[in-house]
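Visitor: using only what follows, build the 3D model:
(chains A and B)
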Amino acid sequence: AQSVTQLGSHVSVSEGALVLLRCNYSSSVPPYLFWYVQYPNQGLQLLLKYTTGATLVKGINGFEAEFKKSETSFHLTKPSAHMSDAAEYFCAVKAYGGGSNYKLTFGKGTLLTVNP
Amino acid sequence: NAGVTQTPKFRVLKTGQSMTLLCAQDMNHEYMYWYRQDPGMGLRLIHYSVGEGTTAKGEVPDGYNVSRLKKQNFLLGLESAAPSQTSVYFCASSGQETQYFGPGTRLLVL
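Guide: This next block holds a predicted model:
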């Protein structure tokens, strides 16, 4: 079984500041890891994903995340926040292989506020 | 290429009424999913399907039924709506890796 913990339900940063959203996971098998972004009144949009290979993954809108197996983490970062980054962010894990390898387990989400 | 679409976008029901939410995808995906999203709860899986004609229960299936008669469509039914089913419902579809989400249906049960 998999689980995801997102530390901080609400993160507030100033425009131009570093964005760091934390995600820790547990999985009994090698995981696939995802970050999704949800803008107000919209569906979830894939930001980036880690499957295999390079552990530093780059996504859309200048975001990146690093898979650290030893820390069971997949934190999301962006060097300089923009007002348009204000949204809710969800981390998710999926088992690689096995009978349930198509199901995602989501964290509870982190709401990012960007202050001018 | 519309991706994943959901019908309707918004609905108000009275307790005890029934309704069906429709999800359609044009990506030829085998897997389809229904989630509900509630404040502070993230997304919780209601039911899913691994192919045409198959369905399975997710994390919170009670009070819902589903059908997948065609590969591209996945229907979510509420036979007797309850106020606890007030939520935003998202459909998603996937191949082996990434799930793609629809825009959501807001349901209010009075």
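
Visitor: and the most centrally placed residue in chain A, what element?
Guide: Among the residues of chain A, the one closest to the centroid is A:W35, at 3.2 Å (Cα atoms, centre = their mean). Taking DSSP states H and E as the criterion, A:W35 maps to strand A:31-38.

Visitor: would you agree the residue nearest to the centre of chain A is in contact with A:L48?
Guide: Yes. Between A:W35 and A:L48 there is a contact at 5.4 Å, judged by Cβ atoms under 8 Å. Bear in mind the C-beta positions are built from the backbone N, C-alpha and C, glycine included.

Visitor: between those two, what contacts are shared?
Guide: A:59, A:63, A:65, A:76 (Cβ atoms under 8 Å, 6 or more residues apart in numbering or on different chains).

Visitor: any idea which residue is closest to the centre of chain B?
Guide: Among the residues of chain B, the one closest to the centroid is B:W34, at 3.2 Å (Cα atoms, centre = their mean).

Visitor: output the one helix or strand that one maps to as PDB, restricted to C-alpha atoms.
Guide: Assessed by DSSP H and E, B:W34 sits inside strand B:31-38. Output of strand B:31-38 as PDB, limited to C-alpha atoms (Å, rounded to 0.1, in the frame of the first residue of the first chain):
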ATOM      1  CA  TYR B  31      -8.300   2.900 -17.300                       C
ATOM      2  CA  MET B  32     -10.900   5.300 -16.000                       C
ATOM      3  CA  TYR B  33     -11.600   6.700 -12.500                       C
ATOM      4  CA  TRP B  34     -14.100   8.600 -10.500                       C
ATOM      5  CA  TYR B  35     -12.800  10.800  -7.500                       C
ATOM      6  CA  ARG B  36     -14.500  13.100  -5.100                       C
ATOM      7  CA  GLN B  37     -12.700  16.200  -3.700                       C
ATOM      8  CA  ASP B  38     -13.600  17.700  -0.400                       C
END
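
Visitor: and A:S84, its phi and psi?
Guide: Phi and psi for A:S84, reported as degrees, to the nearest 10, are phi -70, psi -10.

Visitor: actually, A:I60.
Guide: Per degrees, to the nearest 10, the backbone of A:I60 is at phi -80, psi 160.

Visitor: measure how far stretch A:11-30 is from the centre of its chain, please.
Guide: Relative to its chain's centre, stretch A:11-30 lies at 6 Å (Cα atoms, centre = their mean, to the nearest Å).

Visitor: so for stretch B:28-43, mean pLDDT?
Guide: Over the span of stretch B:28-43, the pLDDT mean works out to 92.

Visitor: please pull out the lowest mean pLDDT helix or strand from chain A.
Guide: In chain A, no helix or strand scores lower on mean pLDDT, DSSP states H and E than strand A:104-106, which sits at a mean of 89.
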